[in-house]
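Novice: with the input below, show me the fold.
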Amino acid sequence: MKKTPVVLLACTILLLAGCSKSHTKSAGLTQVMADMKQKISNTQMTDLSADDLMPDYGIDSGDVKQFAIYIDSTGTKGDEIVLMEGKDSASADRIEKCLNKRYEQKKTEMKSYLPEEYAMLEKCRVRRDGTYVAMIVSPQHEDLEKIYLDALTPRAEKNCLRLFEGSGPDTAKASTLKGAGFFSAETVSGSAWRWNPCALQPGLPAR
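Specialist: Modelled structure (predicted):
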């Protein structure tokens, strides 16, 4: 027997009922970096220590709960992976400011001397997720960012993403779910996005 839209919507709501509304979970950045290293093609990189935080980034180690940094050691490549968790929101604000400054510094240096690396750098960014801040600069930045986001995304929210990925926005369904209190944001149009009602935001870029 063919299911009616009402039945399908009811099933959807039941599945969403178990979704978490938290945006991040606790992630061990040392393990996240270890997973990333399996994807990085640059074989001439090195790990940095807490002693490098202030001289290289202007970051006070007292602001940092945990971190992992992996950077090109030759000076001829732009690869630089910086993963940090601030001790609180204010600490994360300061870390984000420092990493944005570092990112702009790299752009200035590479634009004149390493044009190919500069083109790669422009596709990368500094991102903030709660108290987590990351700068992922690598030719494999998309794969690395996926590893990073997977580590931060709560399991229940991942289930919701899988449920809606590829389905695209559905205005009628969105209105019903919004009325039921499952999410409050407007839908986002375009096939380049996946709808994520569980995170109370339009969505995350599709991978």
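
Novice: low-confidence ranges in the protein?
Specialist: Within the chain, the stretches with pLDDT under 70 are 1-25, 155-207.

Novice: 90 instead, please
Specialist: 1-27, 75, 112-113, 153-207 (pLDDT under 90).

Novice: what's the longest strand in it?
Specialist: When the chain is parsed with DSSP state E, its longest strand is strand 64-72.

Novice: what comes up buried for the helix or strand that contains residue 148?
Specialist: Assigned by DSSP states H and E, residue 148 falls within helix 141-152. By 16 or more other CB atoms under 10 Å, the buried positions in helix 141-152 come out as 141, 143-145, 147-149, 151-152. Glycine gets a C-beta too; all of them are placed from N, C-alpha and C.

Novice: OK, contacts around residue 147?
Specialist: The contact partners of residue 147, by CB atoms under 8 Å, 6 or more residues apart in numbering, come to 32, 35-36, 39.

Novice: and the residues you listed as CSV, adding secondary structure and distance to residue 115?
Specialist: Shown next, in CSV, are the contacts of residue 147 (DSSP: H, G, I helix; E, B strand; the rest coil; distance: CB to CB, whole Å):
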residue, secondary structure, distance to residue 115
32, helix, 31
35, helix, 31
36, helix, 26
39, coil, 24
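
Novice: who wins for most neighbours among the residues you listed?
Specialist: With neighbours taken as other CB atoms under 10 Å, the top of these is residue 36, carrying 23 neighbours.

Novice: re earlier: which strands or helices does the longest strand of the chain pack on?
Specialist: Secondary-structure packing of strand 64-72 (3 or more CB pairs under 8 Å, 6 or more residues apart in numbering; DSSP states H and E): helix 29-37, strand 45-47, strand 80-86, helix 89-113.

Novice: if we go to 10 Å?
Specialist: In terms of contacts (3 or more CB pairs under 10 Å, 6 or more residues apart in numbering; DSSP states H and E), strand 64-72 is packed against helix 29-37, strand 45-47, strand 80-86, helix 89-113, strand 132-137.

Novice: want to throw these into CSV with distance to residue 61?
Specialist: Compiled in CSV, the helices and strands packed on strand 64-72 are given as follows (distance: least, CB to CB, whole Å):
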stretch, distance to residue 61
helix 29-37, 14
strand 45-47, 16
strand 80-86, 11
helix 89-113, 11
strand 132-137, 14
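
Novice: the ones you listed: which one's closest to residue 68?
Specialist: Nearest to residue 68 among those is helix 29-37; the distance by CB to CB comes to 3.8 Å.

Novice: hang on, the earlier thing: next, the buried residues of the longest strand of the chain.
Specialist: Here strand 64-72 shows 64, 67-72 as buried, counting by 16+ other CB under 10 Å.
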